[in-house]
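Q: Here is the input, now give the coordinates:
(one chain, ligands or ions: 1)
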Amino acid sequence: MKIGFIGLGIMGKPMSKNLIKAGYQLIVSDFNKEAVHELELLGAELGSTPKEIAEKSDIVITMLPNSPNVKAVALGENGLIEGAHEGLVYIDMSSISPGVSREVYQRLAEKGVDMLDAPVSGGEPKAIDGTMSVMVGGKVEVFEKCKAVLDAMAGSVVLVGEIGAGNITKLANQVIVALNIAAVSEAFVLSQKAGVEPAAVFEAIRGGLAGSTVLEAKGPMMLDRNFDPGFRINLHIKDLTNALETSHEFGVPLPLTSSVLEMMYALKVDGHEFEDHSSLVKFYEKLANVEVSR
Ligand code: NAD
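A: Numbers count the residues shown, from 1 in each chain. Reported below is the predicted structural model:
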């Protein structure tokens, strides 16, 4: 089986390496020629346009930043759609707007191409060790056909519904993560200014109901003032913007999400957009004129 892989960034590069390790033949592309060269050295074929990659592949995977990039690669000039052939399956693993997943799916379906939306959670470390969680939208039979390929990159692969459901699930994930980071930030700033060490608060509460994966992952980063990404503020702004657009499409107000999005915008304006999203604590520190530390 030959797999096309487009988008060899922080996530796509280790994901494609895991496919090669699992024995799949790859044809790859990215604007970043260094990343492409790294994959060539591991035996991948160098692809040119998405059209050509589609023509030569049984499955094409994309791991791109956002909806416009996916639309350009799938439906644009020399896009995947122009290389459509019988049996081709397209798996978009980027985190994008669910409405765009459905739009791309419909356009490709007219050419006989099947599609899954399969965004991931876990970040670079889990992309490297192949233990990401994948949330998949699409038809059961297409999911089953592609399951082994997804398993080669992930620890958990779950079909959550029809096309677009993968990205709805990812948005739900991103809302929960963002609000949790904001809650941890508020709590640490409160305890710091009230004279109780946030590190002691962390130790005391981590085993109770307030404990969470977010507290475990992001709490120590705030205490150590280590804001190296991880997951960047600008990517979380993208996801929360997609969450609000989607929620409005369905008539669902998201009051807390919109507040945290504005906090992230304030951080972006302040020059923190490329930091880890745990730097949300800096928003609260500015309000309270205090700095969280060990
Ligand atoms: P990235 O910016 O590091 O990588 C994206 C890559 O796509 C870049 O190398 C870019 O050159 C390439 N690209 C863009 N347009 C292209 C085109 N037309 N043809 C070929 N290549 C093209 O981003 P990333 O961190 O790898 O994230 C990718 C997706 O995964 C995003 O939707 C992100 O939200 C999601 N995600 C990221 C993380 C994370 O921790 N970084 C975790 C989970 C999900």
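Q: what helix or strand does the residue nearest to the spatial centre of the chain sit in?
A: Geometric centre of the chain, nearest residue: S95, 4.7 Å, by CA atoms, centre = their mean. Assigned by DSSP states H and E, S95 belongs to no helix or strand.
Q: got a list of what the closest residue to it other than its chain neighbours touches?
A: Using CB to CB, 6 or more residues apart in numbering and skipping the chain neighbours, the partner closest in space to S95 is P119 (4.5 Å). Backbone N, C-alpha and C define where each C-beta goes, glycine included. Residues in contact with P119 (CB atoms under 8 Å, 6 or more residues apart in numbering) are M93, S94, S95, I96, V134, M135, G166, N167, T169, K170.
Q: And for the last one, the neighbour number?
A: Here the neighbour count serves as a burial measure; for K170 (other CB atoms under 10 Å) it reads 27.
Q: Tell me how far it lies from the ligand.
A: 8 Å (CB to the nearest ligand atom, to the nearest Å).
Q: G4: which element?
A: strand 2-6.
Q: Following element in sequence after that strand, please.
A: Toward the C-terminus from strand 2-6 - assigned by DSSP H and E - lies helix 12-21.
Q: Against which helices or strands is that next one packed?
A: Contacts defined by 3 or more CB pairs under 8 Å, 6 or more residues apart in numbering; DSSP states H and E place helix 12-21 against strand 2-6, strand 25-29, helix 33-41, helix 123-129.
Q: The same query, at a cut-off of 10 Å, please.
A: The elements that helix 12-21 packs onto, with contact taken as 3 or more CB pairs under 10 Å, 6 or more residues apart in numbering; DSSP states H and E, are strand 2-6, strand 25-29, helix 33-41, strand 59-62, helix 123-129, strand 132-137.
Q: can you tell me if the last one touches the ligand.
A: No: among the residues of strand 132-137, none lie within reach of the ligand under CB under 6 Å from any ligand atom; the closest is 7.6 Å away.
Q: Quick one: neighbours of F250, just the number.
A: 8.
Q: Now that we're looking at it, what pLDDT does it have?
A: pLDDT, F250: 96.
Q: That one and I168 touch, don't they?
A: Yes: taking CB atoms under 10 Å as the definition, F250 is a contact partner of I168 at 9.2 Å.
Q: Identify the contacts common to those two.
A: Common neighbours of F250 and I168, using CB atoms under 10 Å, 6 or more residues apart in numbering, are P98.
Q: Least reliable of the helices and strands packed on helix 12-21 by average pLDDT, please.
A: Lowest mean pLDDT within the helices and strands packed on helix 12-21: helix 123-129, at a mean of 93.
Q: what residues does it touch?
A: The contact list for helix 123-129 (CB under 10 Å, 6+ apart) reads 9-18, 63, 120, 122, 131-133, 153-155, 217, 229-231, 276.
Q: Tell me the buried residues in it?
A: Going by neighbour count (16 or more other CB atoms under 10 Å), the buried part of helix 123-129 is G123, E124, K126, A127, I128.
Q: close to the ligand, is that helix?
A: Yes: contact of helix 123-129 with the ligand (CB under 6 Å from any ligand atom) involves G123, E124.
Q: Kindly report the same for stretch 209-224.
A: No: on the criterion CB under 6 Å from any ligand atom, stretch 209-224 is out of touch with the ligand, staying 11.7 Å away.
Q: How about residues contacting that stretch?
A: For stretch 209-224, contacts defined as CB under 10 Å, 6+ apart pick out 123, 176-185, 187-189, 192, 197-199, 201-206, 226-228, 230-231, 276-282, 285, 292-294.
Q: Tell me who's in contact with the closest residue to S191 other than its chain neighbours.
A: Counting by CB to CB, 6+ apart, the nearest residue to S191 once its immediate chain neighbours are dropped is V201, at 4.6 Å. When contacts are counted by CB under 10 Å, 6+ apart, V201 touches V184, A187, F188, L190, S191, Q192, A194, A210, G219, L223.
Q: Please indicate which of the residues you listed are buried?
A: Here, 16+ other CB under 10 Å leaves V184, A187, F188, S191, Q192, G219, L223 buried among the contacts of V201.
Q: can you list these in JSON lines and add distance to D270, secondary structure and pLDDT?
A: As requested, those are exported to JSON lines (distance: CB to CB, whole Å; DSSP: H, G, I helix; E, B strand; the rest coil; pLDDT from 0 to 100):
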{"residue": "V184", "distance to D270": "20", "secondary structure": "helix", "pLDDT": "98"}
{"residue": "A187", "distance to D270": "22", "secondary structure": "helix", "pLDDT": "98"}
{"residue": "F188", "distance to D270": "19", "secondary structure": "helix", "pLDDT": "98"}
{"residue": "S191", "distance to D270": "23", "secondary structure": "helix", "pLDDT": "98"}
{"residue": "Q192", "distance to D270": "20", "secondary structure": "helix", "pLDDT": "98"}
{"residue": "G219", "distance to D270": "22", "secondary structure": "helix", "pLDDT": "98"}
{"residue": "L223", "distance to D270": "21", "secondary structure": "helix", "pLDDT": "98"}
